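[1] sequence? don't have it. structure:
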């Protein structure tokens, strides 16, 4: 098994998962880079920035942290009834009793790929705890083996201590995220963001098409670019502000409608498969979670996704899913 893949050990009373082997590779790469910089400066007869003792010690600490990070593991201990995350293999940074855990699920990343995480009962759609490496496709052999061998066993451990209560149908009369009219439930959206971005772009594009344009000494292609691109982007943002997603309980259809017919979709309730959460990050900072509904038409090879909304609060995600389930019942 490759060191970058998820590794695990299954014992009668314990499951030990080591998902961070990639840190060993990253540590080795960093070490090679630092050594190359040191010898390159020495070769040209200049003082290497790594030569100073404090800076060298700082870089050494970074290397040690990366390499030790590869030893981090997740422990499910049936005897103690707890899950622990052991940083560097010996520092317990997270301890959660089994009766507070909800279960394992996949989390898709906005850049593509997915990993397995375990979530608590109070934060079922939050950040969760990573328990696997990242996978680019669901047919990855390591992912398939992990899903077949480890995930069911984790759920067995949890169920032996505190089985999840049966899901109860939630009947909702007061909707938070929808407005209702004649059996059609329309998702509430804010138009401010799209208009704030779209209107200025549209005005700039129109302005550059007039004799009073700011940019005059440009080629014909440049002139077309500064006119057409802002207008096109402005129209797209404005159209997004007025795009609607509705659930028609009379026709039992879910519809996404754009004023410019961009990515319009219609799906029968019966084609609904599941929800999927897509975590978005920017420069490593969490920016929100997209809630996507998947529909599969009989005969089609792949399911089609419909972005419903984005949230930063996992309780809002759960509430939205409950409302959708109530509408489609």
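    Sure, I can see it. Note that the coordinates shown come from a computational prediction; the quantities given were computed from them, not determined experimentally. Residues are numbered from 1 along each chain as shown.
[2] where does the chain dip in pLDDT?
    For the chain, residues meeting the criterion pLDDT under 70 lie at 1, 41-53, 110-111, 282-284.
[3] Walk me through the domains of it.
    7-161, 178-328 (automatic domain parsing).
[4] Helices of the stretch 101-250 of the chain, start to end?
    Here the stretch 101-250 of the chain has its helices, by DSSP state H, counting those that start in this stretch, at 141-145, 151-161, 192-207, 220-241.
[5] and the first one, how far from the chain's centre?
    Pointing back at helix 141-145 there. Offset of helix 141-145 from its chain centre (CA atoms, centre = their mean, to the nearest Å): 20 Å.
[6] right, and the helices of the stretch 101-250 of the chain - which one's nearest residue 25?
    Residue 25 lies closest, by CB to CB, to one member of those: helix 141-145, at 15.4 Å. Placement of C-beta: from N, CA and C, glycine included.
[7] For that closest one, which residues meet the burial criterion?
    Residues of helix 141-145 classed as buried by neighbour count (16 or more other CB atoms under 10 Å): 142-143.
[8] can you give me the strands in the stretch 51-200 of the chain?
    Taking DSSP state E, counting those that start in this stretch as the criterion, the stretch 51-200 of the chain carries its strands at 73-77, 82-87, 91-97, 101-109, 114-120, 129-130, 178-181, 184-187.
[9] just to revisit the earlier point, adding distance to residue 171, write the domains of the chain out as JSON lines.
    Output for the domains of the chain, formatted as JSON lines (distance: least, CB to CB, whole Å):
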{"stretch": "domain 7-161", "distance to residue 171": "20"}
{"stretch": "domain 178-328", "distance to residue 171": "6"}
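[10] Show me the one of the ones you listed that comes nearest residue 168.
    Here domain 178-328 is closest among the domains of the chain (CB to CB), at 10.4 Å.
[11] So the closest residue to residue 209 other than its chain neighbours versus residue 202, what's the distance?
    Closest residue to residue 209 apart from its sequence neighbours, by CB to CB, 6 or more residues apart in numbering: residue 227 at 4.8 Å. Using CB to CB, to the nearest Å, we find residue 227 at a distance of 11 Å from residue 202.
[12] what residues are up against the residue nearest in space to the middle of the chain?
    Central residue of the chain (CA atoms, centre = their mean): residue 279, 1.8 Å from the mean position. For residue 279, the contact set (CB atoms under 8 Å, 6 or more residues apart in numbering) comprises 107-110, 127, 286, 289.
[13] Which of those has the largest number of neighbours?
    For those, the largest neighbour count, defined by other CB atoms under 10 Å, is 24 neighbours, found at residue 289.
[14] Check the secondary structure at it for me.
    Using DSSP: H, G, I helix; E, B strand; the rest coil, the structure places residue 289 in strand.
[15] Check the gap between the residue nearest to residue 209 and residue 179 for me.
    Counting by CB to CB - residue 227 and residue 179 are separated by 38 Å.
[16] neighbour count winner among these two?
    Neighbour totals were compared for residue 227 and residue 179, and residue 227 leads with 19 against 11 (other CB under 10 Å).
[17] neighbours around the residue lying closest to residue 116 once chain neighbours are set aside, how many?
    Once flanking residues are discounted, residue 116 sits nearest to residue 132: 3.9 Å by CB to CB, 6+ apart. Around residue 132 there are 25 other residues, counting by other CB under 10 Å.
[18] OK, contacts around residue 132?
    6, 17, 19, 115-117, 143, 146.
[19] go on, residue 107?
    With CB under 8 Å, 6+ apart, residue 107 has these contacts: 114-117, 128, 277-279.
[20] Return the member of the residues you listed nearest to residue 310.
    Distance to residue 310 across the contacts of residue 107 (CB to CB) is lowest for residue 278, with 8.9 Å.
[21] Spatially nearest residue to residue 180, not counting backbone neighbours?
    residue 186 (7.9 Å).
[22] just checking, that neighbour touches residue 242?
    No - using CB atoms under 8 Å, residue 186 makes no contact with residue 242, being 11.9 Å away.
[23] quick one on the thing from earlier: by neighbours, which of the contacts of residue 107 wins?
    Of all the contacts of residue 107, the highest neighbour tally under other CB under 10 Å goes to residue 116, namely 25 neighbours.
[24] In JSON lines, list the helices of the stretch 101-250 of the chain along with distance to residue 94.
    Shown next, in JSON lines, are these (distance: least, CB to CB, whole Å):
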{"stretch": "helix 141-145", "distance to residue 94": "23"}
{"stretch": "helix 151-161", "distance to residue 94": "15"}
{"stretch": "helix 192-207", "distance to residue 94": "36"}
{"stretch": "helix 220-241", "distance to residue 94": "39"}
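[25] Could you check how far the closest residue to residue 230 other than its chain neighbours is from residue 226?
    Leaving aside its chain neighbours, residue 230 sits nearest to residue 205 (3.4 Å; criterion: CB to CB, 6+ apart). Separation of residue 205 from residue 226 (CB to CB): 8 Å.
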